[in-house]
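Novice: build the 3D model from these lines:
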Amino acid sequence: MVSESQFHYSERKYNMRDLISQIQANIKKYPDTTVIVDQGENNCFTYRSFDVYARKIASKLNSMGITRRDFVTIELPRTKEYIAAMYAVWMVGAAFAPLSPDYPEERLAFIRGNCGAK
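Specialist: Sure, this is the predicted structure:
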């Protein structure tokens, strides 16, 4: 039997700024390192390509008026683009609700309205 004392628990708490800072540091330090592989090695992001893609999404969010403390939905399959969209939302200071494109339209509409997504 495994006891809890065999595991290391970190008391460190992270906030979004810390997470974004760590990702940005990795982008600078390891730009050509593969960071996400999505269904095969030919479908991946390096830190650099991840950053470029996420910044395009963040720019689009800004042009749509999405800013700090706004709420949006991410309605994508769980792919590398989904992860970039999450990061982009965090970069603009917003929050998101993950929605599966497989949900029925009525459910999607309810969740969008209920969470106040822009």
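
Novice: can you give me the pLDDT of A117?
Specialist: Each residue has a pLDDT score; the one for A117 is 90.

Novice: now swap in I27 and tell me
Specialist: Reading off the model, I27 has pLDDT 96.

Novice: how close does it sit to R55?
Specialist: Between I27 and R55 the distance is 10 Å, computed by CB to CB, to the nearest Å. All C-beta spots, glycine's among them, are computed from the backbone N, C-alpha and C.

Novice: now do A109
Specialist: The gap separating A109 from R55 is 30 Å, by CB to CB.

Novice: which stretches of the protein form helices?
Specialist: 16-29, 47-63, 80-91, 105-115 (DSSP state H).

Novice: deepest-packed of those helices, please.
Specialist: Highest mean neighbour count among those (mean count of other CB atoms under 10 Å): helix 80-91, with a mean of 20.

Novice: return the per-residue confidence for the residue nearest to the spatial centre of the chain.
Specialist: Centroid-nearest residue in the chain, with CA atoms, centre = their mean: M86, separated by 1.9 Å. Looking at M86, its pLDDT is 96.

Novice: double-check it against I74; I have them as touching.
Specialist: Yes - using CB atoms under 8 Å, M86 makes contact with I74 at a distance of 6.6 Å.

Novice: what sits in contact with each of those two?
Specialist: F96 (CB atoms under 8 Å, 6 or more residues apart in numbering).

Novice: point out where this protein drops to low pLDDT.
Specialist: Low-confidence segments of the chain (pLDDT under 70): 1-14, 40-41.
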